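In: the following comprises the amino acid sequence and a computationally predicted model.
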Amino acid sequence: MASNIKVTFLGTSAQIPTAKRNHTAMLLSYDGENILVDCGEGTQRQFRKAKLNPCKVTRILITHWHGDHVLGLPGFLSTLALSGYNKTLHIYGPKGTKKFVAEMLMVFGFKKKYDIQVEDVEGRFYEGKDFFLSAEKMEHGIPTNAYCFVKKGLIRIDKAKLKKLKLPAGPHLRKLKEGKDISFEGKKYKAKDLVFGEMDKKVCFVLDTLENKKIEKFAKDSDLLICESSFSHDLKEQAKEHLHLTAKQAGEIAKKAKAKKLVLTHISQRYEKNLKKLLDEAKKEFKNTFLADDLDSFEIN
């Protein structure tokens with residue numbers, strides 16, 4: 001059954017939270033899957049404000065192990081234990097994640113009441129029936145991942161055309177769904193003439209990183225590109241020093257990657273009274289740009 005992809009921004013601040021912006025966290029929801037991307041301080045309260053149930057989370061993607069992205073994790077895991085969470089929770093992250101989670105659970109005296117499986121990941125690391133997850137290494141001084149969620153396109157056979165051609169159902173039609181031409185009773189049929197379908201739908205999360213050539217390729221053809229925007233371009237040297245992106249660079253990446261929509265997040269407190277500066281800077285490079293506030297959501301049909 002078709003289902004929309006929805007991303008809810010639970011936290012949109014940079015390193016220092018503000019009265020209006022919590023530390024980084026985003027929830028991608030799709031057909032029973034609820035994937036939490038990062039878990040900064042206060043994420044639990046943001047779930048409550050958004051009227052979302054933390055016990056529905058199925059997977060957690062950690063971009064990197066800086067505090068503003070992970071310090072909400074111990075409390076979040078404890079809340080699941082106290083709330084009767086009974087699924088296997090999958091946690092994925094860059095190199096070192098498995099070690100860090102084990103140490104964190106030990107430090108906080110976590111009593112294991114449900115199964116937690118942790119993996120250090122890169123490349124395509126999860127393959128589901130109708131979606132997959134992939135990771136790409138970024139440049140932020142410590143092991144860091146960007147992530148993509150891809151809903152697989154559905155190929156369908158045009159039954160009206162089959163009927164018109166008097167081509168009966170059967171095993172021979174499987175090749176058509178794979179995009180392959182077929183032969184039946186001595187006659188050839190081209191897949192492109194008999195099938196139609198939805199394209200893949202792609203959401204890409206690019207958080208803390210220095211500008212690098214891998215981003216454009218990884219985010220290629222994203223329906224929704226979520227990208228950090230910690231600095232305005234007049235502070236590009238400071239952004240480079242701290243291994244972050246500017247709003248202008250985010251817009252350039254979206255344009256080069258041929259994304260359909262760009263959403264800026266990881267907003268520094270210095271811009272809280274002048275958000276338009278970041279938004280206009282990115283929009284100059286890529287028109288279909290938005291700047292996320294806490295509890296905003298975006299959907300892909």
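Out: The structure has been received and is ready for your questions.

In: chain neighbours aside, what residue packs nearest to Thr88?
Out: Spatial nearest neighbour of Thr88, chain neighbours left out: Asp115 (4.3 Å); criterion: Cβ to Cβ, 6 or more residues apart in numbering. In short, each C-beta sits where N, CA and C put it, glycine included.

In: quick one, what contacts the one you found?
Out: 87-89 (Cβ atoms under 8 Å, 6 or more residues apart in numbering).

In: Leu224 too?
Out: Applying Cβ under 8 Å, 6+ apart to Leu224 gives the contacts 5, 7, 202-204, 259-261, 263, 298, 300.

In: swap the cut-off to 7 Å and go again
Out: 7, 203, 261, 263, 298, 300 (Cβ atoms under 7 Å, 6 or more residues apart in numbering).

In: now do Ala254
Out: Counting by Cβ under 7 Å, 6+ apart, Ala254 makes contact with 225, 262, 286.

In: can you report phi and psi for it?
Out: Backbone torsions of Ala254, given as degrees, to the nearest 10, read phi -60, psi -40.

In: pLDDT weak spots in the chain?
Out: Applying pLDDT under 70 to the chain flags residues 1-2.

In: that one: helices as residue ranges?
Out: Using DSSP state H, the helices of the chain run over residues 43-49, 67-70, 73-82, 97-107, 159-165, 174-177, 191-194, 213-218, 236-241, 247-256, 275-285.

In: may I have the third one as CSV, with CA atoms only?
Out: So that's helix 73-82. Extracted in CSV, the C-alpha atoms of helix 73-82 (Å, rounded to 0.1, in the frame of the first residue of the first chain):
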residue,chain,number,x,y,z
LEU,A,73,20.1,9.4,23.6
PRO,A,74,20.6,8.0,27.1
GLY,A,75,17.3,9.4,28.4
PHE,A,76,15.5,8.4,25.2
LEU,A,77,16.5,4.8,25.5
SER,A,78,15.6,4.8,29.2
THR,A,79,12.2,6.2,28.5
LEU,A,80,11.6,3.4,26.0
ALA,A,81,12.5,0.8,28.7
LEU,A,82,10.1,2.4,31.2
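
In: what's next to it, contact-wise?
Out: If you take Cβ under 7 Å, 6+ apart as the criterion, helix 73-82 is touched by 39, 43-44, 54-55, 89, 104, 108, 110-111, 113-114.

In: now do the contacts for Asp68.
Out: Per Cβ under 7 Å, 6+ apart, neighbours of Asp68: 15, 23-24, 40.

In: can you give me the strands for the stretch 101-250 of the chain?
Out: Secondary structure of the stretch 101-250 of the chain (DSSP state E, counting those that start in this stretch): strands at 116-120, 123-127, 131-137, 145-151, 155-157, 182-184, 187-189, 195-197, 201-206, 224-228.

In: want to try a markdown table for those, with distance to Ser78 as columns?
Out: Formatted as a markdown table, the strands of the stretch 101-250 of the chain follow (distance: least, Cβ to Cβ, whole Å):
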| stretch | distance to Ser78 |
| --- | --- |
| strand 116-120 | 12 |
| strand 123-127 | 25 |
| strand 131-137 | 25 |
| strand 145-151 | 25 |
| strand 155-157 | 44 |
| strand 182-184 | 56 |
| strand 187-189 | 59 |
| strand 195-197 | 44 |
| strand 201-206 | 25 |
| strand 224-228 | 27 |
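
In: now for the closest residue to Glu252 other than its chain neighbours, how many residues are close by?
Out: Once flanking residues are discounted, Glu252 sits nearest to Glu285: 5.0 Å by Cβ to Cβ, 6+ apart. The tally of other residues near Glu285 (other Cβ atoms under 10 Å) stands at 19.

In: before we move on, back to that, what subset of the contacts of helix 73-82 is buried?
Out: The neighbour-count criterion (16 or more other Cβ atoms under 10 Å) marks 39, 43-44, 54, 89, 104 among the contacts of helix 73-82 as buried.

In: with respect to His69, which of those is nearest?
Out: Nearest to His69 among the buried ones among the contacts of helix 73-82, counting by Cβ to Cβ, is Cys39 at 7.4 Å.
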